[in-house]
Structures are given as structure tokens and as C-alpha cells.
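> sharing a model that was predicted from the sequence below.
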Amino acid sequence: MKWFYYFSTFSVLMLSACEAKNAVGEKLVRFQAHSSTLSQEDSLVFELSDTSVELISIETNKVPIIHQNRRIALGQLGLGKHELSLRLNTTDGPKTEKKAVAIYAPNPPKKWKAELVGTYKHNTKYYTQGLEFVGDTLYESTGQKGRSIISVYNPFTKQQYKSIKLDSSFFGEGITVVNNRLIQLTWQAKKGFIYDLDTLEKIGEFAYGASTEGWGLAHDDKHVYKSDGSEYIFKLNPITLEETGYLTVSSNSAFYKNANELEIAADHIYANVYQKNSIMVINKHSGALEGVIDLGFLAEQLDKDSNFDALNSVLNGIAYHRSRKTFFVTGKNWNLLFEMRFSPEAP
């Protein structure tokens, strides 16, 4: 018996879904599901091929999976793709069979609204890759080899505090500030840098783990969150910066890649979408894609000088100002920094 998962294409607001794959049931264990797309609210029912087959255990990534009456409650699995390992006793001896399972968010994302609060000048030479506020001080990381910098300034008073330049072999990416340290990613070098927040003196480096590239960074009280262009957002230990787990960005029908620059406010990760003027609103606990914000109208307000590239100068950079309770967004080579409020639209 074969069972196919269908990964439908989600068309809301220019997001890029990962390609679908079919999951095929194995010989000794037959699976049934009441839906072609499964959520954590569903169960997966199975039966053994004959009475001579005995199920010993089920696990995924060496973690035991609880099952009762040949039914697996999917609430014990996180969103994303899983491979179940089923240990069996047969007349021919012990065997292990695999089962691919994809778990999606229970609800489709909603459209969120964006309210423009104010605008501030932004340096069009900045190929923005990361933004983070500490009080009224804005830290900005820019990209491109030979032009990557970290700049520290106050956008309200226009006061420039300091700036450092990266070695020309590195392409600067996302930043975040944890424990008086500024953490910065580089793009494809699989290496990040650690700076003293006050002096911007480099005090350390760290290597990537399962993540393939460096895109965006954000943090809360427990984790640093890192994007790499895949459908995964990785969790890092805030002290050692080692990868300790990940979230899969999921709607009710697809998994989504291309989360770029990140910011966290309350229970949500706000993620720029690579080369799109839109933002994903992601539940930081589950990875569920709960909202989409279309900011295409901001590009209409820009004055585009010789630094602007129609192909690459897109929305990128998002920082939350905690006392103002507003978000600041900009783009690569944009002349403006926009102060905004985001909220779900009324049903």
C-alpha cells in the first residue's frame, strides 16, 4: 500500500515554498491517514502485514515515539519532516523500517497590516543585512565583499558613533546583541564573529553546525535564532553559539524557505523574505507561519540614487525598538528607514 503526501503550493504574498516529496509506505507496516496533509492535531494509524510481525519500538532521532492501539498521536512531533524508525521482530529476524512523515501547522497564515509611523534618513551606501537597537542606538551590518561594515549610530539625532570594516574576504550578514556582545554572521564562510559591544573589538569567532550559510540573527532570553536560507531557523546556545535545535517554518500546506534578516518581539519571529518586500510572522515556539506582511508600498516612497540596484536593492533589515514598541525596517541601498507598527488584520 502506498500513501502519498501532497505539498500544495501556497500563493499568499510572494513567499517561496520548498518542493514537495512523496512519502511511500513500507512493506511490513502499512500506514493510513485521514488527510493528505497532517498537522499535530492528527493521528497516524498503522497495521502490521501479518501476525508473525511484532513491533518492538518506534523512534525518531533516537527519541521514543509513544503509540497506542497502533495509533501515533502526531502532537508529540514538531512541525516539519520526520523519519520514523520502526524496530520489528519477524520470522527472518529483527528488521528496521523507515517512514517519512511531514507535519504542518494547523491553520493558514493571516494577512497582517502595517501602519507607517515615521521616516528617517538612511545611508544609501549601506547594503543592509542586519539591524538591532540597543536603546536609541542602532547597530547596522552591511554586506558585499570589500564593503561590509558594522555601523553604530542614532537615527533620531543623526549622530554617528563608530564604524568598523570587515576583512575584504568576508560578506557581512545578520547581527544581534547578547550579553554585551555583538554577534555577527558572514554569508558563505561558515564563520561568525563576536565583538565587544562598547568598543567593537573582535573578541571571538564561532563555526556553523548543520546550517549551511549565515543569513539572519535574533535572540530572546533563551536562544539565539539563526536563518540560513532553508526552511529551518536554528536555535543557538546564547553563550557558546552552538546549534542546539531548529524550527521548521510551516504553513498549513507547505514549508517555507528564504527567511532572511530576523527580529523577535514577544512570541513571534519577524523575518524578511529574501528578495521580496514582505515579512513572515513566525511563532517562535513552533515555527508555524502565522502572518504575512506586504510592505511593497514602501518602495514607492524611495528616492533611488546611483547606489540603488533594481534587482538587489530590496527590503532587508528589521529592528524592534522596545520602549517605542515599533519596528524599524529598511532595505539594501534604501535612502529611508521606516518606523512601523504591525498587527493582525481583524477577521
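Perfect, thanks for sending it.

> ok, now which ones touch residue 181?
Contact analysis of residue 181 by Cβ atoms under 8 Å, 6 or more residues apart in numbering lists 194-197, 203. Every residue, glycine included, has its C-beta placed from N, CA and C.

> can you check residue 232 too?
Going by Cβ under 8 Å, 6+ apart, the list of residues near residue 232 reads 80, 211, 246-249.

> okay, the contacts of residue 181 in TSV with neighbour count, pLDDT and secondary structure next?
Formatted as TSV, these follow (neighbours: other Cβ atoms under 10 Å; pLDDT from 0 to 100; DSSP: H, G, I helix; E, B strand; the rest coil):
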residue	neighbour count	pLDDT	secondary structure
194	16	98	strand
195	20	98	strand
196	13	96	strand
197	18	96	coil
203	13	97	strand
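
> what is the nearest of those to residue 143?
residue 195 (16.8 Å; Cβ to Cβ).

> for beta bridges, what are the partners of residue 45?
Beta-bridge pairing for residue 45 (DSSP bridges): residue 32, residue 71.

> do the same with the one 10 residues further on
With DSSP bridges applied, the residues forming beta bridges to residue 55 are residue 88.

> residue ranges of the strands in the stretch 101-250 of the chain, please?
Taking DSSP state E, counting those that start in this stretch to define them, one finds strands in the stretch 101-250 of the chain at 110-121, 128-134, 137-142, 149-154, 159-165, 172-178, 181-186, 191-196, 202-207, 217-219, 224-227, 232-236, 243-248.

> could you check the angle strand 137-142 makes with the first one?
Relative orientation of strand 110-121 and strand 137-142, computed by axes from the mean of the first three to the mean of the last three Cα atoms, to 10 degrees: 100 degrees.

> that older thread, ranking the contacts of residue 232 by neighbours, who comes first?
Each of the contacts of residue 232 was scored for neighbours by other Cβ atoms under 10 Å, and residue 249 scores highest at 30 neighbours.

> that one contacts residue 260, correct?
No - if you go by Cβ atoms under 8 Å, residue 249 and residue 260 don't touch, sitting 11.9 Å apart.

> now do the contacts for the most centrally placed residue in the chain.
Nearest to the mean C-alpha position of the chain, counting by Cα atoms, centre = their mean, stands residue 233 at 3.7 Å. Residues near residue 233 by Cβ under 8 Å, 6+ apart: 225-227, 246-247, 249, 259, 262, 269, 271, 282, 287.

> could I get those in JSON lines, plus columns for pLDDT?
Listed next are these as JSON lines, based on pLDDT from 0 to 100:
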{"residue": "225", "pLDDT": "98"}
{"residue": "226", "pLDDT": "98"}
{"residue": "227", "pLDDT": "97"}
{"residue": "246", "pLDDT": "96"}
{"residue": "247", "pLDDT": "97"}
{"residue": "249", "pLDDT": "98"}
{"residue": "259", "pLDDT": "97"}
{"residue": "262", "pLDDT": "98"}
{"residue": "269", "pLDDT": "98"}
{"residue": "271", "pLDDT": "97"}
{"residue": "282", "pLDDT": "98"}
{"residue": "287", "pLDDT": "97"}
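
> who does the residue nearest to the centre of the chain bridge with?
Here residue 233, judged by DSSP bridges, has bridge partners residue 227, residue 247.

> if I look at it, how far off is residue 80?
Applying Cβ to Cβ, to the nearest Å, the value for residue 233 to residue 80 is 11 Å.

> common neighbours of the two, please.
247, 287.

> what is the nearest of the contacts of residue 233 to residue 156?
For the contacts of residue 233, the nearest to residue 156 is residue 262 (23.5 Å; Cβ to Cβ).

> can you give the domain ranges for this protein?
12-104, 110-344 (automatic domain parsing).

> tell me who's in contact with the residue nearest to residue 172 when sequence neighbours are not counted.
Among residues not flanking residue 172 along the chain, residue 148 sits closest, at 3.3 Å (Cβ to Cβ, 6 or more residues apart in numbering). Contact partners of residue 148, counting by Cβ under 8 Å, 6+ apart, are 141-142, 165-166, 170-172.

> one more pass at 7 Å, please.
Residues in contact with residue 148 (Cβ atoms under 7 Å, 6 or more residues apart in numbering) are 142, 166, 170-172.

> next one: residue 246
Residue 246 touches 232-235, counting by Cβ under 7 Å, 6+ apart.

> same thing but 8 Å
210, 232-235.

> take those residues and write them to a markdown table, including distance to residue 115 and pLDDT.
Below are the contacts of residue 246 laid out as a markdown table (distance: Cβ to Cβ, whole Å; pLDDT from 0 to 100):
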| residue | distance to residue 115 | pLDDT |
| --- | --- | --- |
| 210 | 38 | 94 |
| 232 | 31 | 97 |
| 233 | 26 | 98 |
| 234 | 31 | 98 |
| 235 | 31 | 97 |
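
> which one of those sits closest to residue 328?
Distances from residue 328 to the contacts of residue 246, taken by Cβ to Cβ, are shortest for residue 233, at 21.1 Å.

> check residue 52 and give its pLDDT.
At residue 52, the predicted lDDT confidence score is 88.

> I'd like to know which of the strands of the stretch 101-250 of the chain lies nearest to residue 44.
For the strands of the stretch 101-250 of the chain, the distance to residue 44 is smallest for strand 243-248, at 17.7 Å, taking Cβ to Cβ.
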